[in-house]
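1. can't give you the sequence, but here's the structure:
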């Protein structure tokens with residue numbers, strides 16, 4: 001029988017990743033005890049909370065990695081739960097030494113992009129979802145905040161309508177779908193319950209999503225804003241004045257005019273307009289003819305009046321609509337669909353337009 005040491009078992013457990021926090025359990029101080037005898041290996045793993053939804057997966061992953069080095073030894077993995085002080089130490093370790101308030105400041109290396117529109121129903125949430133998944137497929141670490149409190153739809157579009165975040169005391173760990181970390185008020189209400197709040201509650205919710213949700217280190221944070229120029233748009237402008245904004249419009253003239261107003265609110269708070277995306281654009285039919293169901297030219301009008309680029313036009317697509325209803329983003333399920341290709345091209349263009357970090361403060365200390 002081969003020799004197996006305690007350190008070898010611990011090394012094996014470094015390959016077990018907490019599925020919610022996305023870091024090795026050894027790094028999270030979750031390994032309580034390791035016992036190695038000639039005939040057995042016992043590992044005790046401390047979960048962060050009672051009833052941890054990832055407990056069975058963590059246990060199975062630990063058993064798999066230990067069994068790979070155990071030889072003929074019996075492998076047992078037991079689960080325990082962290083006490084309060086140990087859990088608080090973990091929270092402080094994850095949050096680091098960042099000052100209180102949103103970690104997504106102008107000095108952060110996370111690029112913050114808010115997606116807005118003037119009117120509802122123009123496909124803003126669908127665009128946010130697919131841009132997020134496209135960015136994750138390109139290798140970026142991505143998070144999404146569903147800031148459309150009254151009309152939340154992001155969980156359904158990602159295929160996780162019943163997902164709930166995990167609470168570790170005051171810290172909220174968001175669910176993950178398609179390698180994107182997601183938070184939405186829809187995860188805190190029962191079923192399709194309506195949310196009816198005034199301005200202060202809306203501001204508090206957005207602020208909590210930015211401060212209490214543990215996203216970890218992100219390359220990109222996308223916010224799906226509600227349509228129009230109301231309380232949430234103003235709150236996001238106050239909390240994230242350095243954010244870039246993408247304006248979504250349809251080709252219809254009426255939609256374009258309202259979209260310009262939403263962009264003006266963002267500019268008033270100091271945010272920069274990254275560009276315009278036109279949805280429901282003319283589609284090419286099988287016979288080669290063009291269907292202009294919502295007219296044409298809206299995206300060009302908005303980009304021209306705002307003096308920003310038209311990032312792209314996403315054509316009408318039944319596949320895009322059906323994929324959204326099924327919770328399977330079209331960029332993953334039907335990448336050859338014209339709408340998926342348009343979104344992928346827009347995503348590549350956005351990444352190419354990434355702002356320079358020259359002059360930004362870096363998290364370094366001479367101490």
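-> Done, it's in. Everything numeric in this text was worked out from a predicted model, so none of it was measured.
2. Tell me where the stretch 101-250 of the chain has helices.
-> 124-137, 154-157, 199-211, 231-239 (DSSP state H, counting those that start in this stretch).
3. Check which helices and strands the shortest one is in contact with.
-> This points to helix 154-157. helix 124-137, strand 142-146, strand 180-184 (3 or more C-beta pairs under 8 Å, 6 or more residues apart in numbering; DSSP states H and E). C-beta here means a position set from N, CA and C on the backbone, and glycine is covered the same way.
4. Could you rerun that using 10 Å?
-> Counting contacts by 3 or more C-beta pairs under 10 Å, 6 or more residues apart in numbering; DSSP states H and E, helix 154-157 packs against helix 124-137, strand 142-146, strand 176-177, strand 180-184, strand 220-224, helix 318-326.
5. from the helices of the stretch 101-250 of the chain, which stretch is densest packed?
-> Mean neighbour count, computed with mean count of other C-beta atoms under 10 Å, is highest for helix 124-137 among the helices of the stretch 101-250 of the chain, reaching a mean of 26.
6. Adding mean pLDDT and distance to residue 301 as columns, could you present the helices and strands packed on helix 154-157 in JSON lines?
-> Shown next, in JSON lines, are the helices and strands packed on helix 154-157 (pLDDT from 0 to 100; distance: least, C-beta to C-beta, whole Å):
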{"stretch": "helix 124-137", "mean pLDDT": "97", "distance to residue 301": "18"}
{"stretch": "strand 142-146", "mean pLDDT": "96", "distance to residue 301": "28"}
{"stretch": "strand 176-177", "mean pLDDT": "94", "distance to residue 301": "35"}
{"stretch": "strand 180-184", "mean pLDDT": "96", "distance to residue 301": "32"}
{"stretch": "strand 220-224", "mean pLDDT": "96", "distance to residue 301": "23"}
{"stretch": "helix 318-326", "mean pLDDT": "94", "distance to residue 301": "23"}
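7. any chance of these in TSV, with distance to residue 214 too?
-> Below are the helices and strands packed on helix 154-157 laid out as TSV (distance: least, C-beta to C-beta, whole Å):
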stretch	distance to residue 214
helix 124-137	18
strand 142-146	10
strand 176-177	12
strand 180-184	9
strand 220-224	13
helix 318-326	28
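8. Run a quick neighbour tally on the closest residue to residue 128 other than its chain neighbours.
-> The shortest distance from residue 128 to any non-neighbouring residue, by C-beta to C-beta, 6 or more residues apart in numbering, is to residue 224 (4.2 Å). By other C-beta atoms under 10 Å, the residues close to residue 224 number 27.
9. Same question for residue 82.
-> Residue 82: 21 neighbours (other C-beta under 10 Å).
10. Got the phi and psi for the residue nearest to it when sequence neighbours are not counted?
-> Once flanking residues are discounted, residue 82 sits nearest to residue 46: 4.9 Å by C-beta to C-beta, 6+ apart. Note on residue 46: backbone dihedrals following degrees, to the nearest 10 are phi -90, psi 110.
11. Relative to residue 162, how far out is residue 46?
-> Noted for residue 46: a distance of 28 Å to residue 162, by C-beta to C-beta, to the nearest Å.
12. And those two? Which one has more around it.
-> Neighbour count, other C-beta under 10 Å: between residue 46 and residue 162, residue 46 has more, with 20 against 10.
13. In this structure that one contacts residue 31, no?
-> Yes: counting by C-beta atoms under 10 Å, residue 46 does reach residue 31; the two are 7.6 Å apart.
14. Need the residues touching each of those two.
-> By C-beta atoms under 10 Å, 6 or more residues apart in numbering, residue 46 and residue 31 have these common neighbours: residue 25.
15. which stretches of the stretch 1-150 of the chain form strands?
-> Assigned strands in the stretch 1-150 of the chain, in chain order: 31-36, 40-47, 74-81, 111-117, 142-146 (criterion: DSSP state E, counting those that start in this stretch).
16. list the buried ones in stretch 237-247?
-> 237, 239-240, 242-247 (16 or more other C-beta atoms under 10 Å).
17. Cross-reference these with the strands and report the matches.
-> Counting by DSSP state E, the buried residues of stretch 237-247 place 244-247 in strands.
18. Go through those residues and name the one nearest residue 39.
-> Nearest to residue 39 among those is residue 244, at 59.9 Å by C-beta to C-beta.
19. Could you report the neighbour count for the nearest residue to that closest one once chain neighbours are set aside?
-> Nearest non-adjacent residue to residue 244, counting by C-beta to C-beta, 6+ apart: residue 274, 4.2 Å away. A count of neighbours around residue 274, defined by other C-beta under 10 Å, yields 23.
20. which SSE is residue 274 in?
-> Assigned by DSSP states H and E, residue 274 belongs to strand 272-281.
21. Run me through the strand neighbours of that strand, direction for each.
-> strand 244-249 (parallel), strand 310-315 (parallel) (DSSP bridges).
22. Show me which positions of that strand end up buried.
-> For strand 272-281, by 16+ other C-beta under 10 Å, it's 273-281.
23. In a markdown table, list these along with pLDDT.
-> Shown next, in a markdown table, are the buried residues of strand 272-281 (pLDDT from 0 to 100):
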| residue | pLDDT |
| --- | --- |
| 273 | 93 |
| 274 | 95 |
| 275 | 95 |
| 276 | 95 |
| 277 | 95 |
| 278 | 94 |
| 279 | 94 |
| 280 | 91 |
| 281 | 91 |
